[in-house]
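Asks: structure for this input, please:
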Amino acid sequence: MASILLQRDTPRKLCDNARLALDDLFLFGNFYWGLQLEEKPHRWMCDELMKTLSMKETPYLMLDVPRGCYKTSLVTAGSVLQFLRQWLLFDNPYHRLVYASNTLTLGEGFLTLIENILRAGGLDGRLSQDFGPLWKQPTRENRKSSRQKNGLTLKPRMDRGEIASIRDPNFFIASIGALPIGAHADASVLDDLNNSKNVSTVEQLKKTHDFYHQIYPIIHTEDRTGQPTHIWFCATPWRDNDVRGMILREEEEKKLEDNEYVSPW
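Replies: Residues are numbered from 1 along each chain as shown. Here you go, the predicted structure:
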């Protein structure tokens, strides 16, 4: 894969390390994002996340692993890597990702972490040095910055100019009770839809089930490059009938109804 990647044409001249990182979340997370990833289990998790970006039949991934395994950290770094791939490999700085969680606080934390790292230019400034600055600061002449009212819009898209049909930020958030009506995305991260509180009653569980199904109208079936849209689901197990369990049951039922059914997960 590395030798193939080095032959690709990109809108921006990249060093070899940056080109390799476009296909390697483990490398990107450690060298550019500042994570401290280990070969086990993080290499496997990174590889599985990256596979979904090139597999048309199975573009959805459920990371069903215990708490404390860096799931959220990986998908946050991976969200920025998705943008870089779209911009540099497909000349598409308009890629949009919705981060959906059980509380608005988690979503705000996702946006703030991305903002802080991009403002700093990544670990030791390597991200800005090798890929170019992704964050746009407001100026006296033009107060517009990458931090928007309802999300983050990165510098390459702002420099390129807006397309009327792409009005949503590159990264925006949704939560139970705060679904952005009318918004559209090309990919999604579902992070901790369940917690100890919202699995405690049947009513709370139903709210999370409904919220999961309401995310789908936001996500396009294809992105602007014609690739299938992607879903990364961080699924900490709580109950057999949490959202994770519901998805597993729904997929099994579809297989029983149709022997030729291929799950996107």
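Asks: so where's the chain uncertain?
Replies: 1-12, 142 (pLDDT under 70).
Asks: that one: helices as residue ranges?
Replies: All helices of the chain, identified by DSSP state H, fall at 2-5, 16-21, 25-27, 44-51, 71-90, 104-120, 126-131, 155-160, 202-215, 243-257.
Asks: with distance to residue 144 and mean neighbour count added, can I get the ones you listed in TSV?
Replies: C-beta here means a position set from N, CA and C on the backbone, and glycine is covered the same way. Output for those, formatted as TSV (distance: least, Cβ to Cβ, whole Å; neighbours: other Cβ atoms under 10 Å):
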stretch	distance to residue 144	mean neighbour count
helix 2-5	34	10
helix 16-21	27	19
helix 25-27	30	22
helix 44-51	32	18
helix 71-90	18	23
helix 104-120	15	17
helix 126-131	19	19
helix 155-160	7	18
helix 202-215	29	15
helix 243-257	37	15
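Asks: so for residue 35, which of those sits nearest?
Replies: With Cβ to Cβ as the criterion, residue 35 lies closest to helix 71-90 of those, at 5.7 Å.
Asks: quick one on the thing from earlier: now render the helices of the chain as JSON lines, adding distance to residue 221.
Replies: Shown next, in JSON lines, are these (distance: least, Cβ to Cβ, whole Å):
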{"stretch": "helix 2-5", "distance to residue 221": "27"}
{"stretch": "helix 16-21", "distance to residue 221": "28"}
{"stretch": "helix 25-27", "distance to residue 221": "24"}
{"stretch": "helix 44-51", "distance to residue 221": "19"}
{"stretch": "helix 71-90", "distance to residue 221": "16"}
{"stretch": "helix 104-120", "distance to residue 221": "24"}
{"stretch": "helix 126-131", "distance to residue 221": "29"}
{"stretch": "helix 155-160", "distance to residue 221": "22"}
{"stretch": "helix 202-215", "distance to residue 221": "13"}
{"stretch": "helix 243-257", "distance to residue 221": "17"}
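Asks: can you check which of these gets nearest to residue 186?
Replies: Once the helices of the chain are compared by Cβ to Cβ, helix 71-90 is nearest, at 7.9 Å.
Asks: which other helices and strands contact the closest one?
Replies: On a contact count with 3 or more Cβ pairs under 8 Å, 6 or more residues apart in numbering; DSSP states H and E, helix 71-90 meets helix 25-27, helix 44-51, strand 60-63, strand 97-101, helix 104-120, strand 187-191, strand 230-234.
Asks: so which elements touch the first one?
Replies: For helix 25-27, the packing partners by 3+ Cβ pairs under 8 Å, 6+ apart come out as helix 16-21, helix 44-51, helix 71-90.
Asks: nearest to residue 29, of the ones you listed?
Replies: Comparison of those against residue 29 by Cβ to Cβ identifies helix 71-90 as nearest, at 4.6 Å.
Asks: put the alpha carbons of the closest one into CSV.
Replies: Coordinates of each C-alpha in helix 71-90 appear next as CSV, following Å, rounded to 0.1, in the frame of the first residue of the first chain:
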residue,chain,number,x,y,z
LYS,A,71,-11.8,4.6,21.2
THR,A,72,-12.8,8.3,21.3
SER,A,73,-9.2,9.5,20.9
LEU,A,74,-8.8,7.3,17.8
VAL,A,75,-12.0,8.3,16.1
THR,A,76,-11.3,12.0,16.8
ALA,A,77,-7.8,11.8,15.2
GLY,A,78,-9.4,9.6,12.5
SER,A,79,-12.0,12.3,11.8
VAL,A,80,-9.3,14.8,10.9
LEU,A,81,-7.5,12.1,8.9
GLN,A,82,-10.7,11.5,6.9
PHE,A,83,-10.8,15.2,6.0
LEU,A,84,-7.1,15.2,5.0
ARG,A,85,-7.7,12.2,2.7
GLN,A,86,-10.7,13.8,1.1
TRP,A,87,-8.9,17.1,0.6
LEU,A,88,-5.5,15.7,-0.5
LEU,A,89,-6.4,12.5,-2.4
PHE,A,90,-9.8,13.6,-3.9
